[in-house]
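K.L.:
output the structure for:
(one chain, ligands or ions: 1)
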Amino acid sequence: MRITLIGCGYVGLVTGACFAELGHEVVCTDSDRERIAKLKAGSVPIYEPYLDNLLSANCRARRLSFTDDAGEAVRAGDIIFICVGTPPLETGDADLSAIDSVARLIALEAQTPKLVVEKSTVPAQTGQQLKRALGLYRGGNGVQFRVASNPEFLREGTAVQDFLHPDRIVVGVEDQGTESVLREIYRPILEGKFRCPMHTTGCLDARSVELVITTINSAELIKHASNSFLAMKISYANVIADLCEKVDADIHEVTRAMGMDPRIGAAFLNAGLGFGGYCLPKDVQAFIRLAERCGVDAGLLREIERVNKRRVDQFFEKVGQGLWVVKGKRVGLLGLAFKPNTDDIRFAPSLEVVRRLIADGAQVCAYDEQAMGKFSAVFPEVVCQQSPYEVADGADALLVLTESPEFSQLDWGRIYKMMARPLVIDGRNLLDPASMNEIGFEYYGFGCRRQSSAPTPMPAYAAEADVGVRQVSLPS
Ligand code: UGA
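P.N.:
So this is what the prediction gives:
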């Protein structure tokens, strides 16, 4: 199949690379010429596991190419996937102007019939508007367009895995012909018949996958409803964590037992700093706006957002409890990205944490193997170190902001000896409180039982003496 992809963000790049890997002929374009120039030169603008190799292998095999000539790209494909961004407007609505521009582009440049597929996350009924726009913009030329929706369920950091081994593939269509085309595109995945570039000795979870056929409106709604449900689970777990702290219960014990019920499920019940990133926060907002516009009670959805927005406040209560005075303290951050295995810091809780630490007068240094480059561009004043140990050296507190397994495997005994004060505030409940206390750390997580000797506010040196400070720097 000849496929065109418009939009080379992580969804477009992963989709393009994976379609090519399945044997399709794929052309990708983007309005950002610099991005296309870099991709043509073999440089990948984002960090996503396996993506580099997939892109280079498929470019070499001539199944995948990049062009900044959008008209040429439109003419090259029979099926056009729209993968452009739909960022949040100030109102919380999704900004659909990029979809509108792409509709105009396709209508003006197409010379043969096209199947236009929305992959970007859009509110329900966008497909109808897209169809209307394609008809209007094409003017007098009689090119036929069909429209479909094919939402993506790719998590950053595991996007290639999610694409090739999905839980389901959803396609919203209006006719049998479109369903057949999309079924054909995904056939290797649906039947589990492709050479998996991730698992060269055989995939552990090789299985057939269901192609879920729906209307276009339902497909669009499935995406927003899924992301909002995931966000709801996280906010729910966070409320339970707050309650655990009040009644001296343990969030790990509670969510573990809850998750054993298959009606609830164990995933997405990790309490902490809450959800960030370019998907969940904006999708919940857009879903709220959709419900409001339709006159449907959006109270439940609004509460998800409200709980999430308070997480950084709650984190800072713990910072205040542990550090007492933040001004002049050396604070090390472990993790900056909104989640592990990505360099994406968009809407990451770390941004707000750093803003507040700087405003409070802390000296901040940080480590995140993937995200440090992008982070430094936003906060040049934060010193980024090459290893977690360098961040820990001489620190008055370490704050864990990303649930990276790398941090749970650190030599915490070594870190204990390096820090000026052995204080860890774990925004992702990544570490085991009992083990941390055993080493000697003053440890704070979310919803953990009261194991640490958390001091009630008191004069600085008395409080520090309580928790075993070995090095006190007097203010100059
Ligand atoms: C999310 C969805 O999970 C994907 O299915 C969807 O395709 C994607 O959005 C999208 O719309 O494109 P993603 O944003 O990559 O994927 O990240 P998630 O794994 O959903 O994590 C989002 C945030 O929630 C992270 O900040 C993570 O730290 C946080 N989180 C996750 C928790 O706080 N607790 C949890 O239990 C799980």
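K.L.:
what separation do you get for residue 379 and the ligand?
P.N.:
Look at residue 379 and the ligand: by C-beta to the nearest ligand atom, to the nearest Å, they are 18 Å apart. Glycine gets a C-beta too; all of them are placed from N, C-alpha and C.
K.L.:
so the closest residue to that residue other than its chain neighbours is in which element?
P.N.:
Closest residue in space to residue 379, ignoring its immediate chain neighbours: residue 354 at 5.7 Å, by C-beta to C-beta, 6 or more residues apart in numbering. Following DSSP states H and E, the helix or strand that holds residue 354 is helix 349-359.
K.L.:
what's the first helix or strand after that helix?
P.N.:
Secondary structure here is assigned by DSSP H and E; on that basis, the next helix or strand after helix 349-359 toward the C-terminus is strand 363-367.
K.L.:
tell me which helix or strand the residue positioned nearest the centre of the chain sits in.
P.N.:
The geometric centre of the chain, computed from its C-alpha atoms, lies nearest to residue 277 (C-alpha atoms, centre = their mean), at 4.4 Å. In this structure, residue 277 sits in neither a helix nor a strand according to DSSP H and E.
K.L.:
backbone dihedrals for it, please?
P.N.:
For residue 277, the backbone dihedrals are phi 100, psi 180 (criterion: degrees, to the nearest 10).
K.L.:
can you report how many residues lie near residue 248?
P.N.:
A count of neighbours around residue 248, defined by other C-beta atoms under 10 Å, yields 9.
K.L.:
ok, now which ones touch it?
P.N.:
449-450 (C-beta atoms under 8 Å, 6 or more residues apart in numbering).
K.L.:
surely the residue nearest to the centre of the chain touches residue 350?
P.N.:
No. Under the criterion of C-beta atoms under 8 Å, residue 277 lies out of contact with residue 350, with a separation of 11.4 Å.
K.L.:
joint contacts of these two?
P.N.:
Shared contacts of residue 277 and residue 350, defined by C-beta under 8 Å, 6+ apart, comprise residue 338.
K.L.:
residues near residue 63, how many?
P.N.:
Applying the criterion other C-beta under 10 Å, we find 19 residues in the vicinity of residue 63.
K.L.:
please name the residues that touch it.
P.N.:
Residues in contact with residue 63, defined by C-beta under 8 Å, 6+ apart, are 20-21, 23-26.
K.L.:
closest one to residue 160 out of the residues you listed, please.
P.N.:
When the contacts of residue 63 are compared for distance to residue 160, the smallest value, 9.0 Å, is given by residue 21; criterion: C-beta to C-beta.
K.L.:
the closest one contacts residue 53, correct?
P.N.:
No. Because the distance of 10.0 Å does not satisfy C-beta under 8 Å, residue 21 is recorded as not touching residue 53.
K.L.:
the two - which one has more neighbours?
P.N.:
Set side by side, residue 21 and residue 53 show unequal neighbour counts under other C-beta under 10 Å, the larger going to residue 21 at 25 against 14.
K.L.:
OK, contacts around the more buried one?
P.N.:
Listed by C-beta under 8 Å, 6+ apart, the contact set of residue 21 reads 54, 57-58, 63, 164, 194, 197.
K.L.:
out of those residues, who's nearest the ligand?
P.N.:
The shortest gap between the ligand and any of those belongs to residue 164, at 14.3 Å (C-beta to the nearest ligand atom).
K.L.:
and the furthest pair within the contacts of residue 63?
P.N.:
Of all pairs drawn from the contacts of residue 63, the one with the longest distance (C-beta to C-beta) is 21 and 25, at 12.1 Å.
K.L.:
which positions in the chain make contact with the ligand?
P.N.:
By the criterion of C-beta under 6 Å from any ligand atom, the positions of the chain lying close to the ligand are 121, 152-156, 227, 230, 234, 268-270, 272, 274-277, 279-280, 338-339, 403.
K.L.:
helices - which of the residues you listed land there?
P.N.:
Of the positions in the residues of the chain next to the ligand, 227, 230, 234, 280 sit in helices, assigned by DSSP state H.
K.L.:
give me the number of residues near the last one?
P.N.:
Residue neighbour count, defined by other C-beta under 10 Å, stands at 23 for residue 280.
K.L.:
which pLDDT value belongs to it?
P.N.:
For residue 280, the pLDDT comes out at 97.
K.L.:
ok, it touching residue 229?
P.N.:
No. Shown here, residue 280 and residue 229 do not form a contact pair, counting by C-beta under 8 Å, at 10.3 Å.
K.L.:
so which bits of stretch 253-261 are buried?
P.N.:
With burial defined by 16 or more other C-beta atoms under 10 Å, the residues of stretch 253-261 counted as buried are 254-255, 258-259.
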